[in-house]
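Student: Any chance you could fold what I've pasted below:
(chains A and B)
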Amino acid sequence: MANVVSQYESKPPPFGHEMRKCFSFDPEYINMNHGSYGSLPSPVAEAIKPYYALAEANPDLFHRFTSIDLIRDVRKRMAKFIGAAHTEEVVFVPNASHGLNTILRSFIWEEGDIISSCNTTYNSISRTAEYISDIPPHPEVVQFTLLFPTSHSEIIQNWRAYVRSLNEMRDQSAQKLGRRPKIVAIIDSIISVPGALLPWKEMVKICKEEDVWSVVDGAHSIGQELDLNLAEANPDFWVTNCHKWMYAKRGCALLYVPKRNQHIIKASFPTSHAYKKGGGSNFVEQFEWNGTIDFVPYISASCALDFRAWLGGEHVINDYCHRIALEGGKRLAQILGTEIIDQDQDFQFTLSMVNVAVPFPPTMSSAFEIDMAFRRKLLIKRKIYPAFFYHNGKWWIRCSAQIWSQVEDFEVLGQAILEASKEILEEFGDGTEKKTMGIEDKVEKVN
Amino acid sequence: MSNTQSIAPVPIDQIVKATNILQQSSAPKFGHELLPYFSFKQGFLNLNNGSYGALPKVVTEACNELMAWQEENTDFYYRIGFIPPLIGVREQLAQLVGASDVDELVMVPNASTGLGVVLRNFLWQCGDTIIRCNTTYATVYKTIQYIHDVTPGLEISEFQLLFPTTRQAILDGWQKHITNVKANAPQGQKIVAVIDSVVANPAAAMPWKEMVKICKDVGIWTIIDGAHSVGQEDLHLADCGADFFVSNCHKWLNTKRGAAFLWMPKESQKIMLTTIPTSASYVTPGPDRPETNIVSQFQYNGTIDYTTYLSVHVALQWREWVGGEAAIHQYCNNLAKKGGALLAQTMSTKVMDPNGEFTMAMVNVTLPFPSDFQAQYDASVGTALIYGGPESAHKSGMNDFEILGNALVTICSEIVSEHKSANVPQNCKAVSFSSYLEQPLKGAVALDSNNGIGAPRPVTSTKVTLVGYHTQLASIRP
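Tutor: Numbering: from 1, shown residues only, chains lettered A, B, ... in the order given. As a prediction, this is how the structure comes out:
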């Protein structure tokens, strides 16, 4: 795509606060939660304007021909970027939830089937598994438990034992049913909360050995996880959000389905005019048009890669973010007098997100109201905000380090957290008196 | 850190300044005077608004402001900020379409999604029946096909709708069809009918409320594909009797593309278990699940750009400014009728609906193909329009429909001669859009080497670029 953007002729600003020039944040807002919704760089917002103009200059031409060609080209670029063996294995969907729902709903579920999720599975995906289980024929949801602190090797060990136990369950059902049910495992490449890289490739390998389908929620992967090579990792299905760490416009995500599995995807959602029974043979075509949407976000993925190339490329970007995440996280833990969730000596879990414990007593309530209180005190009142979550008996904050971040931001955050947690302790008590809200609510969504 | 002013939810009018200009001036007359308020390429004659709608410049600018707002503090936007304006939009739409409560109406990206999520929420069983028409829109037609393919024992019953016909003939035929379906359906199994309020191809306003009543009288569910309705016709959903109604706002309501609504009265919400994708606020059906849970599920079910939904607010302001719904409907309706007649005259063919009983803002005219060619390929063209007219003179003195008519005469004769010289096999049908591009139907398109983009282009003539004429050769959608 010939798309000469004059802003790339000059050198980019240095990483750190000066990089805010390339974004359009409220100057008073310190963005420490890029991981939830991503951020659109101003140069990318500029680069996509011509496509919006095209869409209005001749809507028919754009929607029937131009956008389709453009998106095909972008798919080619993205397929290469993630190491897919073929462009035909990669299609665009609006977001990771949409992609994962497409996969999970495509399986023909039968009695005895097992859907495996994890206590750390992203909440809407957990709900999707629940929904599928709630309707006939009620496949069973089984949960893998993952608690920090832990290590990659411990997780791999536990995962192997767990998958084997699933197989034992399956063998028992098979005897009763007279056929062998399937097991579909949802695996995060990078957990959302805590923000932590998992040994997902090894977990996928174990799934293969144990005849279990691997559905990888890679929502946080592209743009944060380096050197993706899906042909090599070979998951059965893989989904990622380009609008999170890759700077594309919301909503832009990739659905990767290797050719061998395309027959599983019965239909896109919504169903395409190109749908035909048996699916598979026209997988790409079924995802080319699923109702009128704003197609420019899909095109923006390519513009985002141009921007990232201008900054120096994937390694340059991620080396910086990773360094800031670790330094910032350590500093924050120091200020709060707590710890980073990643206790692995090599920080195997940490890419650009770091999770630090909130200084609450261990008796502190896990109620949803605490999260809401932090939201009021941080996001609204102090204009700085990390994600909050409750895990394994503690409240944590998840910070996203980005190219505009500096360690100083973590210091500002540290002070804000100290103040806010003191206020919350006064308002809600330390959990030793009767609970504030009675029922222990589920903690609300964090992306 | 200095404790600056904290942020709070604000109404759209505080964020969007682009619409201020509407208070400062009055709107021009309908017709070519309104063209500068849109962003069409100079010389492009837009006679197909029905497919993708058109965004007035004011709404484009407002969307730019809304998108900038989204980037200022994205956490605030997605956790707090978008909610009050979105509820405001839902309230406005609920009022516009005559819903009895805002919590009967939710936003979806497009009609295909809205209809898809309703159809996929039913728990389909062996013995159930889904009624569709031969004219049902392709994505919906295929959704029903898909459901049939994955539900053993589910029946599809297809009602044949062939034009030309009359409203009464349709109703008589529908009554017969429904009676038949009901008689043959197994006891206790559900029957669900998908009915277009306005058929897309050909463009035809249906007697859908009467069709709903016929279904309702015998306990058949009714899902209305109203994709073309809002902004083209007056709606009073509270007493329409249907179980579900979906309409695109980005077709005839001038919003950004990717905005539609799903109307589902409280009774209908009982069968709606989940959005697609499923939301974090999904609750397993049972005593713990609040009654309006499905409505709150639709508020957030995956990260999207809410600008499309919020643009409804601005689009409605703009439409009010140009003259309001009634005036817009009236102008377009008159023009469709007059323009269609003129087009037919120019091409020496016929208007499909000479009485105008099916005509709102879209009109269908037969293409000037020789009759044997016509029989082979069943070609027809649907034209839809907003702002072009016999009153305001075009530069060359002809009006939009005459220009189109002359272009089509040229194009069709080119197609026929290229078709003959290319030795295209008889009764050739392309199976899909991409195969259409590859088929030896070179007569239908001409390669446009100037454009630089590889796909074949339709033959162009004068200043009219004709795209997507509806034939059975291609499954391109209007």
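
Student: following the helix or strand of chain B with the lowest mean pLDDT, which helix or strand shows up next?
Tutor: With mean pLDDT, DSSP states H and E as the measure, the helix or strand of chain B carrying the lowest mean pLDDT is strand B:381-384 (a mean of 28). Per DSSP states H and E, the first helix or strand lying C-terminal to strand B:381-384 is helix B:400-421.

Student: Which other helices and strands does the helix or strand harbouring residue B:68 contact?
Tutor: Secondary structure here is read from DSSP H and E; on that basis residue B:68 sits in helix B:57-72. With contacts defined as 3 or more CB pairs under 8 Å, 6 or more residues apart in numbering or on different chains; DSSP states H and E, the packing partners of helix B:57-72 are helix B:12-15, helix B:307-322. Any C-beta I mention is one placed from the backbone N, CA and C, and that applies to glycine too.

Student: Show me what counts as buried in it.
Tutor: Going by neighbour count (16 or more other CB atoms under 10 Å in any protein chain shown), the buried part of helix B:57-72 is B:58-67, B:69-72.

Student: Neighbours of residue 74, how many?
Tutor: Since you didn't name a chain, this refers to chain A. Summarising burial for residue A:74: neighbours were counted as other CB atoms under 10 Å in any protein chain shown, giving 23.

Student: Not quite, go with chain B.
Tutor: When counting by other CB under 10 Å, one arrives at 24 neighbours for residue B:74.

Student: which one is it nearest to, not counting chain neighbours?
Tutor: Here the nearest residue to residue B:74 in space, its sequence neighbours aside, is residue A:37; by CB to CB, 6 or more residues apart in numbering or on different chains that works out to 4.6 Å.

Student: just residue B:276 next, same as before
Tutor: Leaving aside its chain neighbours, residue B:276 sits nearest to residue B:117 (4.8 Å; criterion: CB to CB, 6+ apart).

Student: In the chain, what residue spans correspond to strands?
Tutor: Assuming you mean chain A. Counting by DSSP state E, residue ranges of the strands within chain A are A:30-31, A:90-93, A:114-118, A:140-144, A:183-188, A:190-191, A:196-197, A:213-217, A:237-241, A:253-256, A:353-357, A:384-385, A:387-391, A:394-400.

Student: hm, I was asking about chain B
Tutor: If you assign secondary structure with DSSP E, the strands in chain B sit at B:105-108, B:129-133, B:155-159, B:191-196, B:198-199, B:204-205, B:221-225, B:244-248, B:260-263, B:362-365, B:381-384, B:445-446, B:457-458.

Student: Residue A:225 contacts residue A:195, correct?
Tutor: No: the pair formed by residue A:225 and residue A:195 falls short of the contact definition of CB atoms under 8 Å, at 11.9 Å.

Student: about what we covered before: and the strands of chain B, which one is worst for confidence?
Tutor: Per-stretch averages of pLDDT across these put strand B:381-384 at the bottom, with a mean of 28.

Student: which residue packs closest to residue B:27, ignoring adjacent ones?
Tutor: residue B:322 (4.5 Å).

Student: helices or strands up against the longest helix seen in chain A?
Tutor: With secondary structure taken from DSSP state H, chain A has its longest helix at helix A:152-177. Taking 3+ CB pairs under 8 Å, 6+ apart as the contact definition, the neighbouring helices and strands of helix A:152-177 are strand A:114-118, strand A:140-144, strand A:183-188, helix A:200-209.

Student: one step back: shouldn't the residue nearest to residue B:276 be in contact with residue B:108?
Tutor: Yes: applying CB under 8 Å, one finds residue B:117 in contact with residue B:108, separated by 7.0 Å.

Student: who touches both of these two?
Tutor: When contacts are counted by CB atoms under 8 Å, 6 or more residues apart in numbering or on different chains, residue B:117 and residue B:108 have residue B:262 as shared neighbours.

Student: List the neighbours of stretch B:201-218 that are in contact with it.
Tutor: Counting by CB under 8 Å, 6+ apart, stretch B:201-218 makes contact with B:50, B:135, B:163, B:167, B:170-171, B:174-175, B:178-179, B:182, B:193, B:195-199, B:221-222, B:224, B:226, B:228, B:233, B:240-242, B:352-353, B:358-360, B:362-364, B:380, B:382, B:384, B:470, B:478, all of which sit outside it.

Student: which ones are touching residue A:38?
Tutor: A:241, A:243, A:244, A:245, A:246, A:247, A:248, A:250, B:74.

Student: Find me the pLDDT at it, would you?
Tutor: Per-residue confidence for residue A:38 comes out at a pLDDT of 97.

Student: of all of the stretch 301-450 of chain B, which residue lies closest to chain A?
Tutor: Distances between the stretch 301-450 of chain B and chain A by CB to the nearest CB are smallest at residue B:302, namely 3.7 Å.

Student: so what's residue A:390 closest to, chain neighbours aside?
Tutor: Using CB to CB, 6+ apart and skipping the chain neighbours, the partner closest in space to residue A:390 is residue A:366 (4.5 Å).

Student: same question but for residue A:258, I mixed them up
Tutor: Among residues not flanking residue A:258 along the chain, residue A:89 sits closest, at 5.4 Å (CB to CB, 6+ apart).
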